[in-house]
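Undergrad: Provide a 3D model corresponding to the input given below.
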Amino acid sequence: MTRQTLTAALLFVAAIAAPSIGNAQTFKVEKWDIGGAGGTDYLVAEPGTGRVFVSRGTHVMVIDGATGKVLGDIPDTPRMHGIGLAPKWNHGFTTNAGDSSVTMFDLTTLAAIKKTPIKVGGLDGIMYDDYSDHIILTNHSRPGTAVALDANTGEIVGTAVLEDNAPEGAASDGKGKLFVNNESKNTIQVLDAKTMKVLASWPVAPCEGPTGIALDRPTNRIFSGCGNKSVVLDATSGKIVATITNGDGVDALGWDDSEKLIYIPAGDAGNVTVVRQDAPNKYTVVANVPTMKGAKTIAVDPVRHVAYLFQPEFGPLPAGTPAPAPGTRAPRGPIVAAWFFAITH
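TA: Model (predicted):
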């Protein structure tokens, strides 16, 4: 089977996958083997165009979300983690941990425009804040930092020192505040979007290891994705107003504002928990959609109402591969497939 013709279209009904789920919705999953080399971390959907930018370690693959077709490639992004899009300026940005830089590229041509050195290191998460017109980086530096770049010039315009060496996702309320998940401290820190001053720190227990984050501006609610139990907070007070049960191995979170659906991917469980916002403080799990083990990050197109995931499939280790040293990550076999998923309903 070729990578362009292998398409699996499966229907999953929430009531069948999990009998306790109420008001079941039907979700369709399509997947394609898009090929290409390299592991992955984050991906991002360009609203309305159908394009999805997928991190592949040393390059970014640009995929047509409707067909799985490879549309383009952005090279020279060593050990990159995430992609941020600033449509106002037709710019995209990548976080390159390998050389501690951010690549700014043209969204139309995909050509690199410039690289900005980020001296603090530890580059990981990235997002665009429309209020300040800044690209926000969340870095596993020591100490952890949030760095703001001018979305037009790509230059550094501010830095916040955080309380955790492992800050993850960030979200904006569109009114001047940023919210950053701290994975190790189990907190959300609140920043002034223009000055990058830290304003507050909120505990998120019973959430442990918060990673993915999104914010519903009309209801002023923050969704923080955590292993096994995610939480919803009031973005004014930091009070936890609801909890959500989901799988483990969460590393991102998606939100479709007009559909009022939260998507929480669980890499350990190999599924996506889909949650409906019934009211600001009321949330109902409507589906657990099977994907594959390891698929832990997600991107949602809020215009086309499609959620996307990507995960390479690894084959067995070659014979004679030595055991990993204590405290190091176990080696993985060669990539045998590169699965791109699209979830619709």
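
Undergrad: and stretch 122-142, which residues are buried?
TA: Neighbour counts over stretch 122-142 (16 or more other CB atoms under 10 Å) mark 122-129, 132-141 as buried. Where C-beta positions appear, they are placed from N, C-alpha and C, glycine not excepted.

Undergrad: Return the helix or strand in the chain with minimum mean pLDDT.
TA: In the chain, no helix or strand scores lower on mean pLDDT, DSSP states H and E than helix 14-17, which sits at a mean of 40.

Undergrad: What separation do you get for the residue lying closest to residue 57 once chain neighbours are set aside and residue 334?
TA: The shortest distance from residue 57 to any non-neighbouring residue, by CB to CB, 6 or more residues apart in numbering, is to residue 38 (3.4 Å). In this view, residue 38 and residue 334 are 12 Å apart by CB to CB, to the nearest Å.

Undergrad: Likewise for residue 293?
TA: Going from residue 293 to residue 334 by CB to CB gives 17 Å.

Undergrad: Which one's more surrounded, these two?
TA: Comparing residue 293 with residue 334 by other CB atoms under 10 Å, the one with more neighbours is residue 293, at 14 against 11.

Undergrad: Centre of the chain to stretch 255-262, how far?
TA: 15 Å (CA atoms, centre = their mean, to the nearest Å).

Undergrad: What mean pLDDT does that stretch get?
TA: Averaged across stretch 255-262, pLDDT comes to 98.

Undergrad: circling back: looking at the buried residues of stretch 122-142, which are in strands?
TA: 123-129, 134-139 (DSSP state E).

Undergrad: Please identify which of those is nearest to residue 157.
TA: Distances from residue 157 to these, taken as CB to CB, are shortest for residue 134 (6.5 Å).

Undergrad: Report the contact partners of the closest one.
TA: If you count contacts by CB atoms under 8 Å, 6 or more residues apart in numbering, residue 134 has them with 128, 148-151, 157-158, 193.

Undergrad: try residue 333
TA: Applying CB under 8 Å, 6+ apart, we find residue 333 in contact with 314-318.

Undergrad: at 10 Å what do you get?
TA: Listed by CB atoms under 10 Å, 6 or more residues apart in numbering, the contact set of residue 333 reads 313-318, 321.

Undergrad: Any chance of a markdown table for these, columns pLDDT, neighbour count and distance to residue 342?
TA: Shown next, in a markdown table, are those (pLDDT from 0 to 100; neighbours: other CB atoms under 10 Å; distance: CB to CB, whole Å):
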| residue | pLDDT | neighbour count | distance to residue 342 |
| --- | --- | --- | --- |
| 313 | 97 | 14 | 17 |
| 314 | 94 | 15 | 22 |
| 315 | 93 | 11 | 24 |
| 316 | 91 | 10 | 28 |
| 317 | 85 | 13 | 31 |
| 318 | 84 | 9 | 33 |
| 321 | 83 | 12 | 34 |
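
Undergrad: Throw these into a markdown table and include secondary structure and distance to residue 221, thanks.
TA: Shown next, in a markdown table, are the contacts of residue 333 (DSSP: H, G, I helix; E, B strand; the rest coil; distance: CB to CB, whole Å):
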| residue | secondary structure | distance to residue 221 |
| --- | --- | --- |
| 313 | strand | 36 |
| 314 | strand | 37 |
| 315 | coil | 42 |
| 316 | coil | 44 |
| 317 | coil | 44 |
| 318 | coil | 49 |
| 321 | coil | 47 |
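
Undergrad: How far does stretch 314-331 sit from its chain's centre?
TA: Relative to the centre of its chain, stretch 314-331 is centred 27 Å away, using CA atoms, centre = their mean.

Undergrad: distance between the ends of it?
TA: One end of stretch 314-331 sits 10 Å from the other (CA to CA, to the nearest Å).

Undergrad: Three-state assignment for the closest residue to residue 239 other than its chain neighbours, please.
TA: Closest residue in space to residue 239, ignoring its immediate chain neighbours: residue 233 at 6.5 Å, by CB to CB, 6+ apart. Classification of residue 233 using DSSP: H, G, I helix; E, B strand; the rest coil returns strand.

Undergrad: thought residue 145 was touching residue 100?
TA: No - Residue 145 is beyond contact range of residue 100, at 11.9 Å (criterion: CB atoms under 10 Å).

Undergrad: Quick check: the two most widely separated of the contacts of residue 134?
TA: 128 and 158, at 14.8 Å, using CB to CB across the contacts of residue 134.

Undergrad: I figured residue 132 hits residue 196, correct?
TA: Yes - using CB under 10 Å, residue 132 makes contact with residue 196 at a distance of 9.2 Å.

Undergrad: what's near enough to touch residue 280?
TA: 216, 218-221, 232, 234, 241-242.

Undergrad: most neighbours, which of the residues you listed?
TA: Neighbour counts for those, by other CB under 10 Å, peak at residue 232, which reaches 25 neighbours.
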